[in-house]
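Asks: test case, fold it:
(2 chains, ligands or ions: 2)
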Amino acid sequence: MNEEYLRKLNTCIQCGTCIGSCFSGKVTALNTRKILMEYLAKGKPVKEDDTIWFCVTCYACQERCPRGIPLTDILIEARKELVKEKGLPGRLKNAFGFLAEYSALVPARDEHAKLREELGLPLYHSQFVDGARDEVVEIVRKHLGGVVR
Amino acid sequence: MKFFPGCMIHNRYPGIEKALYYVFEKLGIDISPLEGSSCCPAPSITRSVSSELWEELAQRNLKLADGETVITACNGCFTTLLEVSEKSGTGDVRHVAEFFYTEIGVEELKRYVEKRLPLKLAIHYGCHFFRPSKHKKFTSPERPKMLDELVEVFGAESVDYRYKFMCCGGGGGVRAGATEVSHDLLRRKMDGIVEADVDAIAVICPLCMNQFDNGQKELSELVGEDYGIPVIHYVQLLAIAMGMDVEDTGLERHAIVSHSFIEKLVKGEKVED
Ligand code: SF4
Ligand code: SF4
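Replies: Ligands and ions are numbered 1, 2, ... in the order given. Modelled structure (predicted):
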C-alpha cells in the first residue's frame, strides 16, 4: 500500500465535496471516498466491488477536494489491486486482448482500413507496420502476462 | 511537427485526421504522421492495469517523434503523452485545440475563414482536456472557455446547456467495462443538449465523439430513444470553414448523419474579401 496516499487520505475532513462533484455517483452507487477509505484503512485490495468501474476518471472530485487528496489517482491504484484479484470487467478484457495482439486497444477491421483508403490516408499505426507491431506487442506481453492470456 | 493519431482517429474517425492536415496546410505549418506509433495507450484504463505498461508504450511513442512537437487531437492521447513527457523530460506534446488557441490565436485564425458557419453548437470539452489541472495548466479546471471562443472564429454560437461540463460517459473504461452506466450518463447529457436545440455537438476528442455518435445509435436500438444529433470534431468544422469539401471530412460516415446539418455546412456564408 502506498504510504503517501494513506497519509493524504487521513487528512480528509469528510466535507462531502468529492461525492457531491461526482456525476457518476448521481446515476450509480459509486461512492469514491468510501471505496478508498476501505481500501486504504483496511490495507487490503477492494474486493467484489464493481462500483469502482463506474468511475469515468473525470477528476472532478480530485480537482475540488479542499485537502488536495488525489482521489482519482488513488482509485486507479485500487483498481489495479482488484484486477489482480478478479481480472478485468466486461469488454475491457477484450480491449487488452486487442492491445496484446494488434498493438491497439481499438484495432482497425477491414472496413476501417478501407475508409482510410477512401480518404486517401496511409495506414501507419503500428497495427499495420510489421516491425513496430511486434515491438509493441512484446512490451504489452511483458507487462500483462497474468492479465491477458 | 508530428501528428499522433492514436487508435480512435486512425482506426475509427480518420476524417478528423484528414481535416487536421488540411488546416495545417492552410496555416503553412509542416506536419506529417508519426509512423509506427501505437495505442498511446489510454490513460485511465491502462493505468488501472499496469502503470509500467502505460509509461513504456508512451515513451516508445514519444521517442519516435525524435524531438519534434507531437500534435494530438484526442484528449486521451494528449493526457498520456503529456504526462509521460513531463515525467521523463522528453518530448513536446500539444493538443490541437489549445495549440490553435495559444500559438495561432483566435484573431489570426479568423483571417483564414472562407466560409462562415452560423451554427448553434453544444460544446463538449471532454474531462481530460482540462483536468487534472496539475498537467493542464492552460485553462480553467472548472469552466474552460477556449473552445467556446474557438468556434466563434467561423461565426458559430456556443449554446449553454445543462450538464455542459459533465463527462460524456465514455471515459475511464466505463463504456467497455460498465456499458449501462455509460449509457445512463450519456442520456443525461443528451437530455441537456436536446433542450438547448442545437445543430450539432462539437467535440475535441474522438473518444467523446464515439460515445456521442455510436452511443446515440445504441440508445436508439436499446431503448428507442432517438436523439439524432450529429457530432463533429472542432478541426472538421475549422477545415470546412477554411474551404475543405464537407465530403472529405468523413462526416457522412459517422453513425449519426444529419442531412440538414450537412446542408448547412455545405452552404455556410461566403466571406467576402
Ligand atoms: S472532498 Fe476531500 S476532504 Fe472532502 S470528503 Fe472528499 S476526500 Fe474528504
Ligand atoms: S473521477 Fe470518478 S469518482 Fe471522481 S468525480 Fe469523476 S467519476 Fe466521480
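Asks: in stretch B:114-122, what counts as buried?
Replies: Under the neighbour-count criterion of 16 or more other Cβ atoms under 10 Å in any protein chain shown, stretch B:114-122 has B:115-117, B:119, B:121-122 buried. For every residue, glycine as well, the C-beta is placed using N, CA and C.
Asks: what of stretch B:83-98?
Replies: By neighbour count with 16+ other Cβ under 10 Å, stretch B:83-98 contains the buried residues B:83-85, B:91, B:93-98.
Asks: neighbours around the residue lying closest to residue B:118 once chain neighbours are set aside, how many?
Replies: Nearest residue to residue B:118, sequence neighbours excluded (Cβ to Cβ, 6 or more residues apart in numbering or on different chains): residue B:155, at 5.0 Å. Applying other Cβ atoms under 10 Å in any protein chain shown, we find 17 other residues in the vicinity of residue B:155.
Asks: just confirm residue B:155 contacts residue B:115, I think it does.
Replies: No. Under the criterion of Cβ atoms under 8 Å, residue B:155 makes no contact with residue B:115, lying 9.3 Å away.
Asks: can you name every helix or strand that the helix-or-strand element of chain A with minimal mean pLDDT contacts?
Replies: Of the helices and strands making up chain A, the lowest-confidence element is helix A:32-41, at a mean of 79, by mean pLDDT, DSSP states H and E. Contact partners of helix A:32-41 among helices and strands, from 3 or more Cβ pairs under 8 Å, 6 or more residues apart in numbering or on different chains; DSSP states H and E: helix A:3-9, helix A:17-21, helix A:71-86.
Asks: and it, what's buried?
Replies: In terms of neighbour count (16+ other Cβ under 10 Å), helix A:32-41 has its buried residues at A:32-33, A:35-36, A:38-40.
Asks: now, the most widely separated pair of the residues you listed?
Replies: Checked with Cβ to Cβ, those reach their widest spread between A:32 and A:40, with 12.2 Å between them.
Asks: now what about the least confident helix or strand of chain A, what contacts it?
Replies: Taking contacts as Cβ atoms under 8 Å, 6 or more residues apart in numbering or on different chains, the residues outside helix A:32-41 that touch it are A:1, A:5-6, A:9, A:12, A:18-19, A:22, A:25, A:45-46, A:49, A:51-52, A:55, A:61, A:71, A:74-75, A:78, A:81.
Asks: which parts of the stretch 101-250 of chain B are helices?
Replies: For the stretch 101-250 of chain B, the helices defined by DSSP state H, counting those that start in this stretch occupy B:106-110, B:127-130, B:146-152, B:174-177, B:179-196, B:206-223, B:234-241.
Asks: and stretch B:136-147, what's its mean pLDDT?
Replies: Stretch B:136-147 shows a mean pLDDT of 90 in the predicted model.
Asks: quick check: neighbours shared by residue B:155 and residue B:115?
Replies: Common contacts of residue B:155 and residue B:115 (Cβ under 8 Å, 6+ apart): residue B:269.
Asks: what about the chain, any weak spots by pLDDT?
Replies: Here I'm looking at chain A. Counting by pLDDT under 70, chain A contains low-confidence residues at A:1, A:41-45, A:48, A:146-149.
Asks: oops, chain B please
Replies: Along chain B, the parts satisfying pLDDT under 70 run over B:273.
Asks: quick one: the strands in it?
Replies: Listed in chain order, the strands of chain B (DSSP state E) span B:2-4, B:32-33, B:69-72, B:92-95, B:115-116, B:120-123, B:157-158, B:200-203, B:231-233, B:269-270.
Asks: out of these, deepest packed?
Replies: Neighbour counts averaged per stretch over the strands of chain B are highest for strand B:231-233, at a mean of 28; criterion: mean count of other Cβ atoms under 10 Å in any protein chain shown.
Asks: what's near enough to touch the residue positioned nearest the centre of chain A?
Replies: Chain A has residue A:76 as the residue nearest its centroid, 5.9 Å off, counting by Cα atoms, centre = their mean. Residues near residue A:76 by Cβ under 8 Å, 6+ apart: A:57, B:44, B:47-48.
Asks: if we can go back for a sec, export the buried residues of helix A:32-41 to JSON lines and tack on distance to residue B:211?
Replies: Formatted as JSON lines, the entries for these read as follows, by distance: Cβ to Cβ, whole Å:
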{"residue": "A:32", "distance to residue B:211": "21"}
{"residue": "A:33", "distance to residue B:211": "26"}
{"residue": "A:35", "distance to residue B:211": "24"}
{"residue": "A:36", "distance to residue B:211": "26"}
{"residue": "A:38", "distance to residue B:211": "30"}
{"residue": "A:39", "distance to residue B:211": "28"}
{"residue": "A:40", "distance to residue B:211": "31"}
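Asks: coming back round to it: among the buried residues of stretch B:83-98, which ones are in helices?
Replies: Within these, residues falling in helices by DSSP state H are B:83-85, B:96-98.
Asks: hmm, back to that, report the two of the buried residues of stretch B:83-98 separated the most.
Replies: Going by Cβ to Cβ, the two entries of the buried residues of stretch B:83-98 that are most distant from one another are B:84 and B:97, at 20.1 Å.
Asks: how far away is residue B:87 from chain A?
Replies: Distance, residue B:87 to chain A, by Cβ to the nearest Cβ, to the nearest Å: 13 Å.
Asks: do the same with residue B:218
Replies: With distances defined as Cβ to the nearest Cβ, the gap from residue B:218 to chain A amounts to 13 Å.
Asks: count the neighbours of that residue for me.
Replies: Taking other Cβ under 10 Å as the definition, residue B:218 ends up with a neighbour count of 18.
Asks: near ligand 2, which residues of chain A? Just list them.
Replies: Contacts of chain A with ligand 2, taken as Cβ under 6 Å from any ligand atom, map to A:21-22, A:24-25, A:32, A:55-61, A:71-72.
Asks: mind checking which of those residues are buried?
Replies: When the residues of chain A next to ligand 2 are checked against 16+ other Cβ under 10 Å, the ones flagged as buried are A:21-22, A:24-25, A:32, A:55-61, A:71-72.
Asks: ok, which of those also contact ligand 1?
Replies: Under the cut-off given by Cβ under 6 Å from any ligand atom, ligand 1 has residue A:71 from these close to it.
Asks: could the buried ones among the residues of chain A next to ligand 2 be laid out in JSON lines, adding distance to residue B:25?
Replies: Listed next are those as JSON lines, based on distance: Cβ to Cβ, whole Å:
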{"residue": "A:21", "distance to residue B:25": "42"}
{"residue": "A:22", "distance to residue B:25": "43"}
{"residue": "A:24", "distance to residue B:25": "41"}
{"residue": "A:25", "distance to residue B:25": "45"}
{"residue": "A:32", "distance to residue B:25": "45"}
{"residue": "A:55", "distance to residue B:25": "40"}
{"residue": "A:56", "distance to residue B:25": "36"}
{"residue": "A:57", "distance to residue B:25": "35"}
{"residue": "A:58", "distance to residue B:25": "35"}
{"residue": "A:59", "distance to residue B:25": "35"}
{"residue": "A:60", "distance to residue B:25": "38"}
{"residue": "A:61", "distance to residue B:25": "42"}
{"residue": "A:71", "distance to residue B:25": "43"}
{"residue": "A:72", "distance to residue B:25": "38"}
